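S.K.: need a structure here:
(2 chains)
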2 protein chains.
Amino acid sequence: MPSVSNKGLVMPESPIRKLVPFAEEAKKRGVKVYHLNIGQPDIKTPQVALDAVKHNTIQVLSYSRSEGSEEYRAKLSSYYKKHEIDVNYNDILITTGGSEALSFTMGSITDVGDEIIIPEPFYANYNGFATANGVKVVPVVSSIDNAFALPPIEKFESLITDKTKAILICNPGNPTGYLYSKEEIQQLRALVLQYDLFLIADEVYREFVYDGLTHYSVMQEENLEEHAIMIDSVSKRYSMCGARIGCIVSKNKKFMATALKFAQARLSPPTYAQIASEAALETPDSYFEAVNAEYQERRNVLIRELQKIDGVKVSSPKGAFYCVAELPVTDTDDFAQWLLESFEADNETVMVAPASGFYSSEGMGNNQVRIAYVLKKEDLIRSIEIIKKALRLYKQK
Amino acid sequence: MPSVSNKGLVMPESPIRKLVPFAEEAKKRGVKVYHLNIGQPDIKTPQVALDAVKHNTIQVLSYSRSEGSEEYRAKLSSYYKKHEIDVNYNDILITTGGSEALSFTMGSITDVGDEIIIPEPFYANYNGFATANGVKVVPVVSSIDNAFALPPIEKFESLITDKTKAILICNPGNPTGYLYSKEEIQQLRALVLQYDLFLIADEVYREFVYDGLTHYSVMQEENLEEHAIMIDSVSKRYSMCGARIGCIVSKNKKFMATALKFAQARLSPPTYAQIASEAALETPDSYFEAVNAEYQERRNVLIRELQKIDGVKVSSPKGAFYCVAELPVTDTDDFAQWLLESFEADNETVMVAPASGFYSSEGMGNNQVRIAYVLKKEDLIRSIEIIKKALRLYKQK
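M.R.: Numbering: from 1, shown residues only, chains lettered A, B, ... in the order given. Reported below is the predicted structural model:
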């Protein structure tokens, strides 16, 4: 039998995937499962986006341009200008989700064996895109005791080698919810200028920022034009995860020309989804205000309830819709499986994402979970009550 | 300035891309351009597929499963059974176009430096996916004088090294239109069994077969289960290029499990496009009969008209909707550009794809072009008339 590739073998599995069969089993037993494990919002997609697809007049569903339609990119640049990001349509390449934007970016800036430094815990699929592209992820640990703030710049510096091509941050962070300050971005700016690296910022949660804080983009920094690469997506902003539309934004012409070659090879991003995404730009501000108010309340409820549990440590997220919580257990992989396999409270249980999958360093995050606050408040309260009961019983095992 | 990757630099550009600005200039001068250069059919997408999207009832446009919805895969397996390909839903992985299917397949079976043997001329983007995956394409030349039939098996055999992981064919072929016979597939079967290789067949043009011939799939061969990988797509079959839905089909469980990891990293294929693709399976047979009759007539007209030109050699394609023609010029890159830049006949000209981009061997295909017969007959006749006039004038340059 012919053999699959070594890179295929080491491609990491989704940290949640192995729990899915246990969740399905639980449901078969009639147990209700609250899903805190995945960033799939329950928020309705803006009507204007849904309607645009329903009222499309396509007769021949043809390819779009590889870089995305010019109209959409022009409108996107206006959206960015509203957010104090001064880019033109030709600084934007439309991709099939933020996923493809990350993959093309890695492919365009790295050769096999090159390294990218990423503060951990980080979005688990960064590992997947890195493996597929032959790139080595070099983690720099951020700590729950410091709310997952940017690690000291000296720590980054000590990890830079002649293979290092970029630093990648997620701002606000998945899974941490951490919002980087302007000062932190400027620290990274100085570093990438000194060592001639790219600074990649995954800003797909840009609009989910709480407590009156403001998001600061790498694209707002002056004299960083040749170094800054922004990754974006419509998935979370408009609750349009299934569209699969994202983009790469950069003023580095050579990088963009290279990324375009990757885009040409796959012909074009999906056409219906571009219609929805272009229309979504007409979403009224009131939509975002309502959504943000809802998430902020959910976060408040979640953190308040979690803090009531003995032995639980949690850092209050300032953005996105995740938090990382430390639980009084030694192996959250086991605990998460046990929740689905062996526990129920009045016929209900919860599914959480064990955090080890969000770390690249061996042995990190084993007592942490990621909780996505994508459920309504009553369900969040009930979920945390279930976790509290479960922790008590689990300890007695 | 940080540098882009070497693989990024060698990523091939689309063979047509460099001609696009010249086509745009011609249009600005008021010249009508007949596009024979791209496989974008003018055929209407089946109404049942368009309607399914228009009548969708989505409220939250959420992720689908990474491997595609189970309903769609189940229906697809019925479609394949109708075509004597006996597969189940779990032998199918839905991808974002045939492009992603090819990329995931290469990623899943090769390590950096591994080789894939491909009869050339071949679909130009195979080069792109190979480069992105660090794979070396090893071409084996097929000849226009032999209608681009399978090269002798000894030629394949002489190219096999310990780095060879697969043989990749396109059946029917883009750009050649060649339809492999059952005997040719069986020759390849014996070879991949002997050397323990994968046999990848890109069968996206399966339904476009003329002259009463029948398509024979690698999935129909017995005892090839662990070796055969089929690439498919809805793009051409239903004139739905912009959907971006394809799939990988294989009974090799280890390979499929590996490909699934690549699929999980990018979360899911596009949701609207899956709705269209699932509905497209209800397309009545009469649609295909009409489309095939139309293409066959177009082919007949195209070949007949081409053969009337002195010095033009063309092999009559048996499938797909392309043909490769040899022209009495030494450099079709130059000729194709000249057609757009310096020639017009009654204010009209044509755009063709120079064939050198479909070869990986240096210097091959310089006197060939690929012509896509995706225009209606009158336009094809007019296009060839233009080429005829142009060739006369070009020779006198």
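S.K.: around chain B, which positions in the stretch 101-250 of chain A sit nearby?
M.R.: Contact residues, the stretch 101-250 of chain A versus chain B (Cβ under 8 Å from any Cβ of the partner chain): A:103, A:107-112, A:114, A:125, A:128-129, A:132-134, A:165-166, A:192, A:196-198, A:226-227, A:239-244. All C-beta spots, glycine's among them, are computed from the backbone N, C-alpha and C.
S.K.: count of neighbours near the closest residue to A:Leu150 other than its chain neighbours?
M.R.: Excluding the flanking residues, the one nearest A:Leu150 by Cβ to Cβ, 6 or more residues apart in numbering or on different chains is A:Glu184, at 4.3 Å. Other residues near A:Glu184 come to 17 when the count uses other Cβ atoms under 10 Å in any protein chain shown.
S.K.: hang on, A:Glu184 is in a strand, isn't it?
M.R.: No - membership of A:Glu184 in a strand is not supported by DSSP: H, G, I helix; E, B strand; the rest coil, which gives helix.
S.K.: in stretch A:22-38, what's buried?
M.R.: Residues A:22-23, A:26, A:31, A:33-38 are the ones in stretch A:22-38 that count as buried (16 or more other Cβ atoms under 10 Å in any protein chain shown).
S.K.: try stretch A:357-375
M.R.: Buried, per 16+ other Cβ under 10 Å, within stretch A:357-375: A:357-360, A:364-375.
S.K.: what of stretch A:181-199?
M.R.: By 16+ other Cβ under 10 Å, the buried positions in stretch A:181-199 come out as A:181, A:184-185, A:188-189, A:191-193, A:197-199.
S.K.: can you pull the buried residues of stretch A:380-391?
M.R.: Neighbour counts using 16+ other Cβ under 10 Å place A:380, A:382-388, A:390-391 of stretch A:380-391 among the buried residues.
S.K.: check whether the lowest-mean-pLDDT helix or strand in chain A contacts chain B.
M.R.: Lowest by mean pLDDT, DSSP states H and E among the helices and strands of chain A is helix A:6-10, with a mean of 81. Yes - legend: contact between helix A:6-10 and chain B by Cβ under 8 Å from any Cβ is shown at A:6-9.
S.K.: nearest to A:Glu154, of those?
M.R.: Closest approach to A:Glu154 among the residues of helix A:6-10 next to chain B (Cβ to Cβ): A:Lys7, at 32.5 Å.
S.K.: separation between the closest one and B:Asn6?
M.R.: 18 Å (Cβ to Cβ, to the nearest Å).
S.K.: ok, the two, which is more surrounded?
M.R.: In terms of neighbours (other Cβ under 10 Å), A:Lys7 is the more surrounded of A:Lys7 and B:Asn6; the figures are 22 against 13.
S.K.: and the gap between that one and B:Ala345?
M.R.: A:Lys7 sits 52 Å away from B:Ala345, going by Cβ to Cβ.
S.K.: check A:Thr95 too.
M.R.: Distance from A:Thr95 to B:Ala345, by Cβ to Cβ: 40 Å.
S.K.: now do A:Leu193
M.R.: Distance, A:Leu193 to B:Ala345, using Cβ to Cβ: 56 Å.
S.K.: and the strands in chain A?
M.R.: Ranges of strands within chain A are A:32-35, A:92-95, A:115-120, A:136-141, A:164-170, A:198-202, A:228-233, A:246-249, A:313-314, A:322-326, A:348-351, A:353-354, A:368-372, based on DSSP state E.
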